[in-house]
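[1] Model the following, please.
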Amino acid sequence: MSEKNREGKRTARERLAVEREKQKAAERRRRTLIVGASVVCVLGLAAVIGVVAANSGKDEDSAKSGPVVAPSGAQGKDALAIPVGKDDAKATLTVWEDFRCPACKAFETAYRPTIHELTGAGKLRVEYHLATLIDGNMGGSGSRNAANAAACAQDAGKFTAYHDVLYENQPVETDDAYSKNGKLIELAGKVDGLDTPAFRACVEKGTHTSWVVKSHQAFQSGGFGGTPTVLFNGKNIYQDQTMTPAKFKRMVEEANQG
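    This next block holds a predicted model:
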C-alpha cells in the first residue's frame, strides 16, 4: 500500500472518530434537554395540580356543607393524624399517603412487614395522614372516597387492616375504581368484622369527606413534594436513596436504645 493511500485511510478514520465524538456530544445534549424538560413539566404539572386541587377543594366544601368529622381516635393538629402503635413509643413515623398513588403502594409493599413488626413490639408509632393528590392529577374522586372509607374503618377499629387491603387491591393510577362506594364496601369484606351497616352508612354518606378535604389542604400547606412523604422523627427518609427496611429497622432500634 502506498504512503498516500495509508495517509488517506488514516485521515478518513480520524474524520470518522471526530464525527462520532460530535454525535456523542449531541446525544448527551439531547438527553440533558430531555431531563431538563421533564423536570420543568413536573414542576409545571405540580403547579397546575395545586390550582386544580385548590379549586376542587372549594367545590367540595360547597357541595359537602357538612361539618368536619374526624374519625375516632384521630390525633395531632386539627385531629388529622390516624395513629397506629403505642402512644409512648420512642420512634415516630409520619406518613402522608394517597390510596391511588402507585409510589405509596410500592412503599407499603416494601416496608409493611417491618412497620407491623415494630408497631406490634411497641417500638414504633405511625401517624397516617391522607391526601388526595391523584384526584387532582388524574381527575375523579377515588383518592377522596378511599380516604373517607379508611376513616370509616378507623371508627370501627379496623384502619390498619383496611388500609393494607386498599393498597393490596389498588387499581392502576388512571382507573378511578375507588370512586365507587360499592367497590370500597366490597373490599371491606376482606377485613373480618368491618362490613357492617355502620361502616356502609359511613362510606355512602361520606361522613368524613370534609375531614379528608381538610387533610389534603394540610398536605398542600406543608409544602411536601409528593406522596408518599415519609418522616422519621421529623426527618424525611423517603428521599434517602440508601434507605431499606433493614436500615429503617436499625434506626428504630437505635431510637429505642437512646
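[2] What ranges does the chain have for its strands?
    Taking DSSP state E as the criterion, the chain contains strands spanning 82-84, 91-97, 124-130, 229-232, 235-236.
[3] What angle do strand 124-130 and the second one make with each other?
    When axes from the mean of the first three to the mean of the last three Cα atoms, to 10 degrees is applied, the directions of strand 91-97 and strand 124-130 differ by 20 degrees.
[4] and strand 91-97, what other elements does it pack with?
    If you count contacts as 3 or more Cβ pairs under 8 Å, 6 or more residues apart in numbering; DSSP states H and E, strand 91-97 packs onto helix 102-120, strand 124-130, strand 229-232, helix 245-257. C-beta here means a position set from N, CA and C on the backbone, and glycine is covered the same way.
[5] among the strands of the chain, which gets the worst mean confidence?
    For the strands of the chain, mean pLDDT drops lowest on strand 235-236, to a mean of 94.
[6] before we move on, back to that, can I get the helices and strands packed on strand 91-97 in TSV with mean neighbour count and distance to Gly142?
    What follows is those, written out as TSV (neighbours: other Cβ atoms under 10 Å; distance: least, Cβ to Cβ, whole Å):
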stretch	mean neighbour count	distance to Gly142
helix 102-120	17	13
strand 124-130	23	12
strand 229-232	20	20
helix 245-257	15	28
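[7] what's the closest of those to Lys205?
    strand 124-130 (17.7 Å; Cβ to Cβ).
[8] Listing partners with orientation, what would you give for the closest one?
    Here strand 124-130 is paired, per DSSP bridges, with strand 82-84 (antiparallel), strand 91-97 (parallel).
[9] Next, format the strands of the chain as TSV and append distance to Phe199.
    Formatted as TSV, the strands of the chain follow (distance: least, Cβ to Cβ, whole Å):
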stretch	distance to Phe199
strand 82-84	16
strand 91-97	21
strand 124-130	17
strand 229-232	28
strand 235-236	34
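[10] For the strands paired with strand 124-130, give me a markdown table that also has mean neighbour count.
    Formatted as a markdown table, these follow (neighbours: other Cβ atoms under 10 Å):
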| stretch | mean neighbour count |
| --- | --- |
| strand 82-84 | 22 |
| strand 91-97 | 23 |
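[11] can you redo those strands as a markdown table with distance to Lys105?
    Shown next, in a markdown table, are these (distance: least, Cβ to Cβ, whole Å):
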| stretch | distance to Lys105 |
| --- | --- |
| strand 82-84 | 18 |
| strand 91-97 | 9 |
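[12] need the helices and strands packed on strand 91-97 in TSV with distance to Ala79, can you?
    What follows is the helices and strands packed on strand 91-97, written out as TSV (distance: least, Cβ to Cβ, whole Å):
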stretch	distance to Ala79
helix 102-120	20
strand 124-130	11
strand 229-232	19
helix 245-257	25
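[13] how about the ones you listed, which one is nearest Leu187?
    helix 102-120 (14.1 Å).
[14] what about Phe219, distance to Leu194?
    26 Å (Cβ to Cβ, to the nearest Å).
[15] Oh, that last question was meant for Pro245, not what I typed.
    Distance from Pro245 to Leu194, by Cβ to Cβ: 27 Å.
[16] Next: Val69.
    19 Å.
[17] Comparing these two, which residue is more hemmed in?
    Using other Cβ atoms under 10 Å as the criterion, Val69 and Leu194 rank with Leu194 on top: 23 against 17.
[18] Might one say that the more buried one is in contact with Lys158?
    Yes: if you go by Cβ atoms under 8 Å, Leu194 and Lys158 touch, sitting 4.6 Å apart.
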